[in-house]
Structures are given as structure tokens and as C-alpha cells.
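In: Got a predicted structure plus its sequence, pasted below:
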Amino acid sequence: MGAGRRFRAKMRDLPEDNMRPITVLATLLACGAIHAQDSAPKPSHAAAPVVTSDPAAKVGELERLGENGREVMVLGLDAPGFDKLKPSQRKYAYFLYRAAIAGHDIFYLQSHRTALEIRNLLEAVYEKRDSLDPAAAAGLEEYLKLVWIHHGQYDHWNHTKFTPRLLTFEQLKAAAQQAKKKGAAFDLAKGESLEKKLARLRPHIFDAKVEPVQVNQTPGADPVATSANGMYDPGITLKDIEALPQADQEKLNVRFALLRDKKGKRTVEAEEFKVGGVYGQDLERVTYWLKKAAGYVDNTFVETEKDGVKKLRSEPDANQKAALDSLIAHFETGDEAQYKAHTVAWLKTKGVVDYLNGFVETYKDPRGIIGNYEANVSIQADSEKITRLSQNALYFEAKMPWDAKWKRAKVDPPVATVVNVLVETGDAGPVSPAAYNLPNYADVRKEHGSKNVVLLNVENSASAKVKSQRLEAFFLPEDREEVAKHGDLARQWLVYMHEVIGHGSGQADDSLAGADPGTKLGSAYSTLEECRADVVALYQFLDPKVVEIGAVSAEEHLNAAHAMYLRYLVDQFAANANHQGDTIREAHDRGRQLVLNYLLQPSRDFGVRMVEKEGKRYIAVDSLNKAHAGIGEILVKLQTFKSMGDKAGAEAFFGEFGTKVNPAWRDDAKARAEAMNLPKLRAFVFPQLVPVMGESRFAKEGEKREVLNDVRLETREDLAEQMLRFKRWSKSREIAPK
Ligand SMILES: [Zn+2]
């Protein structure tokens, strides 16, 4: 039944400030974008402080929700680099942004059949909050914010139902009646009063026992019948689905409806997501904006020849154009083959502005087949520096510490990109992954590769308060200033080098005769490969070339490198807070624990010490040179295992240094993390793209015709402002709606 058709390769967000249990992580991953969302929470590594001249800018921690603020931290994001784009790229981004917002509500409908209705009801009351009883207004506001963040009444990650903490049904009812008096519109169904509507929605909002689980994959349970999401009508069972044609069962863009004829005979039908079908109006608006975006794809130069004279002609980028055309066709016809065609073209696009839009991940479907709507728009981050790094990939390859026979003579351009997101909707936001690896079609991946995308502004977002708490809790006093100054830059370059010169480096030994070492390494592969890419970054960041590339100034290079080592090791020590049982299971976690344990071996001197003070453990890096030598040793070992496809060797190495939970470290790190009172989840407010309108040059005399002249980026909204604007903008076809 489509098993294995898609990878679940998108990394779910495990932001560093979140204490999320490892079990929450849906992982498999081919590699790639991992660092961003460890299974283990890592200490705040956060981005360079946002320098802004705008005193109204809302960037960083904006608010906290839930008891003692422990449920959610809401963070405002900036997207550096937007102002450096060409105006045509800004317009391209803007129309993609509008397409993303136009589809946002679809994910509510997929989450639960009442989720969008509940949200609309709460919003209508919320907009009249000034006239309400203050306690009811506050209780409603908290619940509504959680509904926005989770797209309904089920937790985004663990799929269980939550109910209002500070709001009773009676309060909601009185508030709704009051709001109605003040002119709130509730868009009531024919023949249904506000009271009836409230009574109907009551169990869905207030009773945790009614349809308690959104996605139930408990062994033995009927996943379809016992899951409360919007993709199967109530009453449908797995057996019903399995009785349908195979093609329907495996479809990405369908929901299943239960129909009864006059005699009560049931039939189950697959209904496609498409214009004119399920979510038709929303998808029609998505395509409206995608068509506008198609007019602003990048121009590329194509060589043409006429009468023996070669000329360069500027043309719209064929891949970007083909990707959008196929995506539009997919939404218009429901044909999944068009979505695949889109994906193949999308993989080939190289533009500074990128996007996702469609039915992508399958986490809300208990069968893991149906896609959930999500969309984003992003711009390449630091693209000049990353390009310079990538242009020097061969230089770094030559300087790898391993045997020359395992070095590449030619280095493939990296498949990874590092971006700043402008917006994420549906399944992708306000709770965001920190990275993803797509597409999910195994056959497309095999033939055309995949894209690893690190969402830098998400990955780096942090609360200034949490950052300073972490610094105090986990770093030695003498290191704090240096880490505060260089730690973010170091962390950023660790990500860049991991992706750009890490994964692509090295080659298999001739004795493998062309066989893929990954296949030989099997289950040991992802741990080995992620660790190897990290260690490449740690090793190469000391090379003077990084100064030439512009990563850091010559004067600050060694301090930044020292901060990189400290951050890496201390972050991993702090991540021990999350270890459970006696075995470290997650690939990246194992890799980082290996580096930490290897450098701390009592019988060796790598210039790294664990210091105990008043029962707390700290890490000191006394000699960068010795630590670098240790990193070089690890790298040679890892490359040897990889080049030789030596699974037993890799397993023994990770078994010795990376797999065992250290209970003393765990308890120590846990006590300090708990004292920081960190929220369980992060949600984001994205920057706003503001259309700048102007007079059309083609307007006739006396005619007033406004066109999009340019687009500006601002960071001035809070969560409520963002979500209410999404609501207004999602239904509008105006270029500059109110
Ligand atoms: Zn990676």
C-alpha cells in the first residue's frame, strides 16, 4: 500500500531551546539537513544579534503561552538579504508569498473537520475583545493562539487534543453573544443559530475525551477509524480504504468521503484536492498567485544562432517556469503526475528565491500516504560567501587529512542550500521545521537527487534571555564573552561547511568497484555521515582560506574557531539532558557524543578538559591545536570506514564513543536545563512583505492603473496580527489588500 513510496525525510523542528523528548522526532533521513533539528535539544546557538535601526521591529522572543509560559515561545523572524534582491526577484517572492497565504486554511481542514470553523468562531469573538469580560477575553486569546499555532485543537507534534486552560464553555458562549451584539459575523449555516453552533462545537473544543487522538498509529488499532483528522469522514475504516482501487489508496491528494444512499447503503469515495474539487476555492486562489509569480521567474541567457551569428538572448528560466507550470496544472487537474513533474523541475531550479507549495508531508495521515498542504518562500542566505566556499571545495578536498586515494579530483556542486524563510504556512508554519530534505518520492530522489534546505533564520532564532541563561548555565565564566561574541558566527559556519564541503567530500576505495559505501554501511551510514560532515567543518574552519572567503577576519579567526569548538562540545554536553534509557539512538546525537567522548579520553591529551565545579560539569578547550589534531584523527577514521564501506568498524567506533548514555552527565545537564524553565515549543511570526504600489506606465490618459512597483520587508507584527492578516489576505485577490 504505497509503503516506502515516500521518505519521511523532512526534519521536524527540534529547536535548541526546546526540551522535546527524542521520541517526538520523526526521523529517517537520508542525511542532510540534520544539524538543524537534533533529536536532542542543543543549547541555544542562535544567530548573530539582529541589528536593526527600526525601534518597532519585532524580532526575537515576542511572547510565551501556557502555564508559566511553558507551552510555547513565540519568536519574530527577520529575513536578512531581502533588500539585496533585484526588484523582479522581490516581486517573484511576493507573488509566491501570496500563494502560500492563499493556501493556509487548507491545512486546518485537513487537521479536523471542525478546526477551521472553531478558528473562525474564535477569531470573530476575538476581534470584539475590547467589549468582553477581561477574564474571558484572556482565556479566549490564549486558546485561539494555540489553535493558530497548531492549526486546530490537536497538538502539532504529538497529535493529541488540547482544551482551553482558562476558558469555560459558559464564558465562550457569553463572549460570543456579546461579540454578536457588537456586530461580529459568525457565518452561520442555514437554519443554525449561534447557540446551536456553539453547542455543536462544544465537545470538539472542551471535551478532551471526544475524538482524543488526531493520528492514531497504535499497533492493533484501526488507524483510520480511530484517528480524528479531516482526511477521512467519521465512520470510515481501514477496511473501507483497502477495498478501494489501489490507485485511490495510494494517492497523495485525496480525502475519503462516506456517502449513504436513500436505503442507507454506504460507499466510500476518494475525492481529489483540486480546483473544482476538495479545497477548490483555496487552490484556485493559490494558482491565481502562482500564475502571477510565473511572470517574474529569473531570466537566463540562452545562446541562439541566426545566419551563422551567435547571440545571447535573455529568456525566462526554463526550470523555474516548468516547475510553476506543472504545479499549477497539478492544482487545476488533481493529476499527481504533474506534481512529480513539478518536483523534477523544482530540483533543477537554482534561483535565489525558492519555495515549497503543495501536499508534501504525510504526518497527519495515519496511513502515511495523503499529503498535507504546506507552503513557504525563502531566499538564499549569505549566498556570496557560500558560493565562495563552494568554489573552494576542491581546495578543501586537497587539505583533508585522509589518504590521497580517497580524495576527489572533481567535486560535485553541493545539493544543500541555506536559506532565510520569508513565510511558512499550513503544515510548515507557524511551527516550523528547521530544515528539510525533499522530495519524498523515492524514485525521483534516485534519478534526480534531493534538496537539503537549512532554514537559517529559523535555526538561529532565539530569545536573548534564553541565550544568556544558557551561556551562564553551561559555559565557564572565562569563555562566556568569547562565545557570546563569536559563537553564533561559528555555529553558522559549522552548518555551511557541514553542508557545502562536508557531505560532498571524499570517495570510495577502488576495492569497492563502484559500489555505494552507503549500501555497505547500512544502518551505520547516517550516523557516520552526519558525524563526518560535522568533523570536516570543525577540521577545516581552522584553515586560513576561511578568512579569504570572508567568513571571519584574520584577527578574530582563532577566537572564532575556539568558540566553534566550545559551542560544539558544550552544546552536546547540554543535549545529554534529553537522553533516556541507556542507549543514545539518534544518529546526530551519537555523532556529537562521539566527538565529545573522543576528545575527553583520559588516556589522550587533546587539549580538552571536563571541569567540575560545585557538582556541575563544564568543558574547557585549552589548546585549539591539540583539539584540532584530535578532530583530524576522528576524521581519518570516519573517512576510512566510509571509503572502505566498513560497517563493523564504524559500529565498533560509535559503540565505544557515541552510543552509551552517561547518567551523570545526563542528570547534571537536565537539572540545569530544567532550572531555565524553557517552553516546549517554538512558533514563529514571519516578516511581512509589503507591496509598494505605483502608477502603471501603460495607463491610458486619465486612467488610474496601479501596479506593483516593488516590495518591502518589515518585521512589525505580533502573532495575532500575523494570523488575522493571513485570514484577510488569503481570500483577497488585490495586490495590496488592507
Ligand atoms: Zn548533514
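Out: Yep, that arrived.
In: Which pLDDT value goes with Asn452?
Out: As predicted, Asn452 sits at a pLDDT of 79.
In: What is the burial count for Glu142?
Out: Counted by other CB atoms under 10 Å, the residues lying close to Glu142 total 18. For the C-beta atoms, the positions are set from N, CA and C on the backbone; glycine is no exception.
In: surely it meets Leu166?
Out: Yes - here Glu142 reaches Leu166: they are 5.8 Å apart, a contact under CB atoms under 8 Å.
In: Name the nearest residue to Ala699, sequence neighbours excluded.
Out: Sequence neighbours aside, Arg705 is the residue nearest to Ala699 in space, at 3.9 Å (criterion: CB to CB, 6 or more residues apart in numbering).
In: where's the most centrally placed residue in the chain, which helix or strand?
Out: Relative to the mean C-alpha position of the chain, the nearest C-alpha, by CA atoms, centre = their mean, is the one of Pro433, at 1.9 Å. Counting by DSSP states H and E, no helix or strand carries Pro433.
In: so what's the backbone phi/psi at it?
Out: Backbone torsions for Pro433, taken as degrees, to the nearest 10, come to phi -70, psi 160.
In: Now do the same for it: its pLDDT.
Out: For Pro433, the pLDDT comes out at 83.
In: which regions of this protein sit below the pLDDT cut-off?
Out: Low-confidence segments of the chain (pLDDT under 70): 1-54, 412-416.
In: now with 50?
Out: In the predicted model of the chain, residues 1-52 satisfy pLDDT under 50.
In: for it, longest strand please?
Out: Ranked by number of residues, the top strand in the chain under DSSP state E is strand 416-426.
In: near the ion, which residues of the stretch 401-550 of the chain show up?
Out: Contact residues (CB under 5 Å from the ion) of the stretch 401-550 of the chain with the ion: Ala533.
In: Which parts of the stretch 401-550 of the chain are helices?
Out: Secondary structure of the stretch 401-550 of the chain (DSSP state H, counting those that start in this stretch): helices located at 442-448, 456-460, 464-474, 477-497, 517-521, 525-540, 545-549.
In: Contacts only, for the residue located most distally from the centre of the chain.
Out: Within the chain, Asp307 marks the point farthest from the mean C-alpha position, 51.3 Å out by CA atoms, centre = their mean. Contacts for Asp307 (CB atoms under 8 Å, 6 or more residues apart in numbering) come out as none.
In: how far away is Leu144 from Glu123?
Out: Plainly put, Leu144 is 7 Å away from Glu123 if you go by CB to CB, to the nearest Å.
In: of those two, who's got more company?
Out: Comparing Leu144 with Glu123 by other CB under 10 Å, the one with more neighbours is Leu144, at 23 against 17.
In: The helix or strand harbouring the more buried one - contacts with which helices or strands?
Out: Element membership for Leu144, per DSSP H and E: helix 134-150. Contacts defined by 3 or more CB pairs under 8 Å, 6 or more residues apart in numbering; DSSP states H and E place helix 134-150 against strand 60-65, strand 72-76, helix 115-126, helix 169-181, helix 719-730.
In: wait, which of the ones you listed is closest to Arg200?
Out: When the helices and strands packed on helix 134-150 are compared by CB to CB, helix 115-126 sits nearest Arg200, at 9.1 Å.
In: what does the closest one rub up against?
Out: 105, 108-109, 132, 137, 140-141, 143-144, 147-148, 151-154, 172, 175-176, 179, 184-187, 197-198, 201, 204-205, 230, 720, 723-724, 727.
In: Mind checking which of those residues are buried?
Out: Buried members of these, counted by 16 or more other CB atoms under 10 Å: 105, 108-109, 132, 137, 140-141, 143-144, 147-148, 151-154, 172, 175-176, 179, 184, 186, 197-198, 201, 204-205, 230, 720, 723, 727.
In: need the contact list for Gly230.
Out: The contact partners of Gly230, by CB under 8 Å, 6+ apart, come to 109-113, 115, 255.
In: Just the closest of those to Ala490, please.
Out: Ser111 (39.1 Å).
In: Please name the nearest non-neighbouring residue to that closest one.
Out: Spatially, and ignoring its direct neighbours in sequence, Ser111 is nearest to Gly152 (3.9 Å; CB to CB, 6+ apart).
In: tell me which element that neighbour falls in.
Out: With DSSP H and E as criterion, Gly152 is part of no helix or strand.
In: and it, what does it touch?
Out: Per CB under 8 Å, 6+ apart, neighbours of Gly152: 108, 111-112, 114-116, 118-119.
In: Just among these, which is most surrounded?
Out: That'd be Ser111 among the contacts of Gly152, by other CB under 10 Å, with 28 neighbours.
In: gap between that one and Glu117?
Out: On the measure of CB to CB, Ser111 and Glu117 end up 11 Å apart.
In: Just the helices from the stretch 601-738 of the chain, written as ranges.
Out: Under DSSP H, counting those that start in this stretch, the stretch 601-738 of the chain gives helices at 624-644, 647-657, 663-675, 719-730.
In: which of those helices sits most buried?
Out: The highest mean neighbour count among those, using mean count of other CB atoms under 10 Å, belongs to helix 624-644: a mean of 21.
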